[in-house]
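> Turn this into a structure:
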Amino acid sequence: MVTTERMEIVPLSDGEMLALIAGESDPEMRQAYTEMRQLALAHPEERLWYTAWQLRLRCGGEAVGDLCFKGLSPAGVVEIGYGMNPAYEGRGLMTEAVKAMLDWASRQPGVREIQAEADPGNRASKRVLEKAGFRPNGETGEEGPRFTWLP
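As a prediction, the model looks like this:
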């Protein structure tokens, strides 16, 4: 678990991942969570790099969003992805969470670089990346421009 001023960021267990999948109404997100769970099961020694991490308010315990990593490459590159419950957007919670997870990830063995993608139309996501210290790296991924953060 990673703790911030306002949140606890908790890696989900396999059972919690199943519940997340079952409760997801968006087919794309359901598929993404399913793939994450499968990778966590296939790589139990590296499951923290594959499972979803839930963002829970310290006051009240509400789940306000989640984030994940997309595995750690042999070159030491890890990608972070995130999503916020719309009812909690605009409060700086995702920026707080991303900064905390960058700190956590940068202290893990083998991590040399952290990357992210942002949909070109998602100004809020790009703003989170900028506030967290990411910089555009000139590449484009499946979701849009790629950004890099160096520990």
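
> rest of the way, CA atoms for contacts and neighbours
OK.

> Can you verify my assumption that Trp49 contacts Phe69?
Yes - with contacts counted by Cα atoms under 8 Å, Trp49 reaches Phe69, the gap being 5.1 Å.

> Could you pull out the strands in this structure for me?
2-3, 7-11, 52-57, 63-72, 77-84, 113-117, 135-140, 145-149 (DSSP state E).

> Can you read off the pLDDT for Gly76?
Looking at Gly76, its pLDDT stands at 96.

> what are the pairing partners of the worst-scoring helix or strand of the chain on mean pLDDT, and which direction each?
Within the chain, no helix or strand scores below strand 135-140, which has a mean of 91 by mean pLDDT, DSSP states H and E. Strand 135-140 pairs in its sheet with strand 145-149 (antiparallel), by DSSP bridges.

> Who are the contact partners of Gly138?
Shown in contact with Gly138 (Cα atoms under 8 Å, 6 or more residues apart in numbering): 145-147.

> tally of neighbours for the nearest residue to Thr34 once chain neighbours are set aside?
Distance criterion Cα to Cα, 6 or more residues apart in numbering; nearest residue to Thr34, sequence neighbours excluded, is Ile21 at 6.5 Å. By other Cα atoms under 10 Å, 19 other residues sit near Ile21.

> next one: Thr95
Thr95: 19 neighbours (other Cα under 10 Å).

> where does the spatially closest residue to it that is not a sequence neighbour land on pLDDT?
Ranked by Cα to Cα, 6+ apart and with sequence neighbours excluded, the top spatial neighbour of Thr95 is Val128, at 5.1 Å. Val128 is assigned 96 on the pLDDT scale.

> and what of Ser125?
Taking Ser125 on its own, its pLDDT is 94.

> hang on, it packs against Ala132?
No - if you go by Cα under 8 Å, Ser125 and Ala132 don't touch, sitting 10.7 Å apart.

> For those two, indicate the residue with more neighbours.
It is Ser125, of Ser125 and Ala132, that has more neighbours when counted by other Cα under 10 Å, with 21 against 18.

> ok, that one - contacts?
By Cα under 8 Å, 6+ apart, Ser125 lies in contact with 118-119.

> Contacts only, for the residue nearest to the spatial centre of the chain.
With distances taken as Cα atoms, centre = their mean, Leu67 lies nearest the centre of the chain, 2.6 Å away. With contact set as Cα under 8 Å, 6+ apart, Leu67 has these partners: 52-55, 80-83.

> Done for today, thanks.
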